[in-house]
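Participant: Take this sequence and fold it.
(one chain, ligands or ions: 1)
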Amino acid sequence: MTAVACGRLELILGPMFSGKTTEIIRRAHAHQSEGRNVTAIRYTGDTRYSRNSIVSHNNISFPAISVEKDGLFKLAQESKFIADTDVILIDECHFFEELETTIDHLVDVMGKHVVVAGLNGSYLQQNFGEQHKLVCKTDDILHLLAKCKKCDGPANFTKRTVQDSNIVLIGGSDKYEPRCRICLNI
Ligand SMILES: [Zn+2]
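Facilitator: Numbering: from 1, shown residues only. Below you'll find the predicted structure:
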């Protein structure tokens with residue numbers, strides 16, 4: 001039996017508009033240019049951009065497969081192309097159920113190199129998704145900051161600017177702004 005390669009997990013966290021998707025796309029292109037098989041995964045429910053690619057706010061993109069919120073673990077377990085992939089990148093990871101279980105499987109069972117990007121918290125500064133559980137398991141973590149919409153200072157929070165109390169509310173600059181702590185509640 002062939003030994004499984006040692007996996008690797010990299011985590012990219014930050015508020016909206018902090019460049020998480022730009023960074024995950026940069027890493028995808030870098031791995032691809034070094035000859036590795038790369039698979040990028042996006043959440044199918046985010047219909048702001050293309051269904052067939054990850055697209056950043058500044059309009060750079062990388063081909064991606066769209067996955068339902070409950071489809072991530074099944075994909076990791078059953079897909080032939082996942083088995084054949086060297087590097088797996090998951091954007092907007094907060095939308096996926098069974099994220100921790102999936103990452104455990106990909107990294108520790110299958111020996112994959114996995115890059116995960118997601119929000120550092122909800123618009124209420126609470127855990128949103130399972131990515132906080134990955135902090136103690138990751139090989140590397142990059143915490144990005146945005147620019148505060150009010151004062152142009154470093155911003156670590158996502159402010160919802162419309163009245164809606166659902167935790168999941170897909171939107172862009174029409175519904176959210178990056179804010180620093182001082183400007184968060186003004
Ligand atoms: Zn501010």
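
Participant: rest of the way, CA atoms for contacts and neighbours
Facilitator: Fine.

Participant: Spell out the residue ranges of the strands in this structure.
Facilitator: Applying DSSP state E to the chain gives strands spanning 8-14, 38-43, 53-55, 61-63, 65-67, 87-90, 113-119, 140-143, 146-147, 154-155, 157-160, 176-179.

Participant: mind putting these in CSV, mean pLDDT and distance to the ion included?
Facilitator: Below are the strands of the chain laid out as CSV (pLDDT from 0 to 100; distance: least, CA to the ion, whole Å):
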stretch, mean pLDDT, distance to the ion
strand 8-14, 98, 16
strand 38-43, 96, 30
strand 53-55, 92, 27
strand 61-63, 94, 29
strand 65-67, 95, 35
strand 87-90, 98, 30
strand 113-119, 98, 19
strand 140-143, 98, 18
strand 146-147, 98, 8
strand 154-155, 98, 7
strand 157-160, 95, 10
strand 176-179, 96, 5
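
Participant: Next to the ion, which bits of the protein? Give me the list.
Facilitator: 148, 151, 180, 183 (CA under 5 Å from the ion).

Participant: Burial check on the closest residue to the second one other than its chain neighbours, number of neighbours?
Facilitator: Distances taken as CA to CA, 6 or more residues apart in numbering place C183 nearest to C151, at 7.5 Å, with adjacent residues excluded. Residue crowding around C183 was assessed by other CA atoms under 10 Å; the count is 16.

Participant: quick one, phi/psi of C183?
Facilitator: For C183, the backbone dihedrals are phi -90, psi 0 (criterion: degrees, to the nearest 10).

Participant: That one contacts K150, doesn't it?
Facilitator: Yes: counting by CA atoms under 8 Å, K150 is a contact partner of C183 at 6.6 Å.

Participant: Name the nearest residue to E98, sequence neighbours excluded.
Facilitator: Spatial nearest neighbour of E98, chain neighbours left out: F73 (6.4 Å); criterion: CA to CA, 6+ apart.

Participant: Kindly report the same for V4.
Facilitator: G111 (5.8 Å).

Participant: gap between the residue lying closest to L99 once chain neighbours are set aside and G14?
Facilitator: Ranked by CA to CA, 6+ apart and with sequence neighbours excluded, the top spatial neighbour of L99 is E130, at 6.0 Å. Distance of E130 to G14, given as CA to CA, to the nearest Å: 14 Å.

Participant: More neighbours: which of these two?
Facilitator: A side-by-side neighbour count of E130 and G14, using other CA under 10 Å, places G14 first with 22 against 18.

Participant: give me every residue that touches the more buried one.
Facilitator: G14 makes contact with 20, 118-121, 143-146, 156-157 under the criterion CA atoms under 8 Å, 6 or more residues apart in numbering.
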